[in-house]
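S.K.: attaching a predicted model along with its sequence, questions to come.
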Amino acid sequence: MLLVTPGRDAAIENIRKAALDGRFNDKTEPFDPQWEREALKANILDYVEQLDTPLFKLKNLAARAITGAWRRKWSDGVNEIRGMEKLEALRGPAFITSNHFNPFDNGILRRMTIDAGRGRLWAVSEGTNFVMDGLNGFILRNSDVIPIINEPSYMNGKFRELMQRQLDMNRFILVYPEQEMWFNYRKPRPGKRGAFLFAAQFGVPVVPCFVEMQDLPRQIAPHFHDVKLILHILDPIFPDSSLTARENSFRMCEQDYLQKKEAFQRLYGKPLAYDFTPWDIAGWEPN
């Protein structure tokens with residue numbers, strides 16, 4: 001089961017407009033927090049300083065317990081993971097990429113890394129997620145996440161240190177190249193190359209994943225049915241030592257998108273085109 005939050009009609013309309021305009025990395029959520037740059041930076045730096053404190057570790061345990069219980073109750077008996085052998089063949093750390101369609105779509109990816117014996121999955125997350133209110137905000141702030149903000153001193157300092165720490169522990173790091181979440185959007189979107197630049201600079205592979213969504217009969221909200229997730233692990237992409245990090249980032253980004261495009265077309269049996277129909281939104285049954 002995936003979370004259906006308020007404002008879905010507005011979000012879907014924003015997705016429709018952005019898809020038709022080719023704006024695949026735009027925000028579409030109507031209630032995303034809006035913060036001034038300096039205030040957001042201060043908030044993120046405070047969060048980073050708290051990561052090794054007993055209080056944060058307690059919050060982290062609580063957040064993971066909540067999401068773990070939710071996943072076991074609603075998802076583990078329904079969702080599937082395919083292609084684990086590709087992940088298990090890797091001996092070192094890696095970056096994971098996936099399509100981004102729900103605030104908690106990383107639940108199945110976290111289960112994937114646990115099943116692969118790699119322990120907890122850390123995810124790079126947009127800084128504004130750290131200032132959300134309510135239970136959703138608490139979970140997003142405290143569930144093994146590395147905040148990203150448009151601040152060069154932070155990105156070249158603390159951000160890289162946090163990633164290096166997890167890679168040194170032989171873990172996987174999740175990065176969403178699509179950047180913004182598009183609610184229950186089935187189609188893979190062209191991504192930004194930041195994840196692949198990181199991978200090339202750190203000298204580790206990228207493992208593309210594509211999450212297929214199948215509608216289920218059970219209705220979970222007006223006009224919305226439950227959705228089954230099938231996580232497909234695709235072929236790892238390795239940096240080419242003969243290329244610069246920048247050249248690798250373009251090459252790996254293109255390969256990542258092409259693999260997800262091929263997976264979409266194979267799984268859904270239709271060409272990938274960015275016209276818009278109600279089918280594009282999994283589980284949606286409009287009036």
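M.R.: Here it is on my side, so go on. Predicted, not measured: the structure shown is a model, and the values here were computed from it. Residues are numbered from 1 along each chain as shown.
S.K.: where do the strands sit along the stretch 51-200 of the chain?
M.R.: Assigned by DSSP state E, counting those that start in this stretch, the strands in the stretch 51-200 of the chain fall at 80-82, 94-97, 122-126, 145-148, 172-175.
S.K.: quick one: the third one to chain centroid distance?
M.R.: Averaging C-alpha positions (C-alpha atoms, centre = their mean, to the nearest Å) puts strand 122-126 8 Å from its chain's average.
S.K.: tabulate the CA atom coordinates of that strand in CSV.
M.R.: What follows is strand 122-126 as a C-alpha-only set of coordinates in CSV (Å, rounded to 0.1, in the frame of the first residue of the first chain):
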residue,chain,number,x,y,z
TRP,A,122,20.9,5.5,3.1
ALA,A,123,19.0,7.8,0.7
VAL,A,124,19.9,11.3,-0.6
SER,A,125,16.8,13.5,0.1
GLU,A,126,15.8,17.0,-0.9
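S.K.: adjacent strands (with direction) for it?
M.R.: Partners of strand 122-126 in the sheet, by DSSP bridges, are strand 145-148 (parallel), strand 172-175 (parallel).
S.K.: show residues contacting the first one.
M.R.: In other words, strand 145-148. Contacts of strand 145-148 with the rest of the structure, by C-beta atoms under 8 Å, 6 or more residues apart in numbering, involve 44, 47-48, 122-127, 129-130, 155, 159, 162-163, 166, 173. C-beta coordinates here come from the backbone N, C-alpha and C atoms, glycine included.
S.K.: can I get the strands of the stretch 51-200 of the chain in a markdown table with mean pLDDT, mean neighbour count and distance to residue 31?
M.R.: What follows is the strands of the stretch 51-200 of the chain, written out as a markdown table (pLDDT from 0 to 100; neighbours: other C-beta atoms under 10 Å; distance: least, C-beta to C-beta, whole Å):
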| stretch | mean pLDDT | mean neighbour count | distance to residue 31 |
| --- | --- | --- | --- |
| strand 80-82 | 95 | 14 | 31 |
| strand 94-97 | 97 | 26 | 26 |
| strand 122-126 | 88 | 20 | 14 |
| strand 145-148 | 89 | 22 | 19 |
| strand 172-175 | 96 | 24 | 24 |
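S.K.: and residue 210, which of the ones you listed is closest to it?
M.R.: Closest approach to residue 210 among the strands of the stretch 51-200 of the chain (C-beta to C-beta): strand 94-97, 9.3 Å.
S.K.: who are the packing partners of the longest strand along the chain?
M.R.: Ranked by residue count, the top strand of the chain under DSSP state E comes out as strand 206-221. Judged by 3 or more C-beta pairs under 8 Å, 6 or more residues apart in numbering; DSSP states H and E, strand 206-221 is in contact with strand 94-97, helix 106-115, helix 194-202, strand 224-233, helix 245-268.
S.K.: just name the most buried of these.
M.R.: strand 94-97 (a mean of 26; mean count of other C-beta atoms under 10 Å).
S.K.: parallel or antiparallel, which strands does that strand pair with?
M.R.: For strand 94-97, pairing defined by DSSP bridges yields strand 172-175 (parallel), strand 206-221 (parallel).
S.K.: would you list those strands in CSV and tack on distance to residue 16?
M.R.: Output for those, formatted as CSV (distance: least, C-beta to C-beta, whole Å):
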stretch, distance to residue 16
strand 172-175, 26
strand 206-221, 17
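S.K.: can you say which of those is nearest to residue 188?
M.R.: Nearest of the strands paired with strand 94-97 (C-beta to C-beta): strand 206-221, 6.3 Å.
S.K.: can you give me the buried ones in that closest one?
M.R.: Neighbour-count burial for strand 206-221, counted by 16 or more other C-beta atoms under 10 Å, picks out 206-215.
S.K.: kindly export the helix or strand of the chain with the lowest mean pLDDT (C-alpha atoms) in CSV.
M.R.: Using mean pLDDT, DSSP states H and E, helix 134-142 stands out as the lowest-scoring helix or strand of the chain, at a mean of 79. Extracted as CSV, the C-alpha positions of helix 134-142 are listed here (Å, rounded to 0.1, in the frame of the first residue of the first chain):
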residue,chain,number,x,y,z
GLY,A,134,3.7,15.9,11.2
LEU,A,135,4.4,12.2,11.1
ASN,A,136,5.6,12.2,7.5
GLY,A,137,8.1,14.9,8.3
PHE,A,138,9.4,13.0,11.3
ILE,A,139,9.9,9.8,9.3
LEU,A,140,11.6,11.6,6.4
ARG,A,141,14.0,13.4,8.7
ASN,A,142,15.0,10.4,10.7
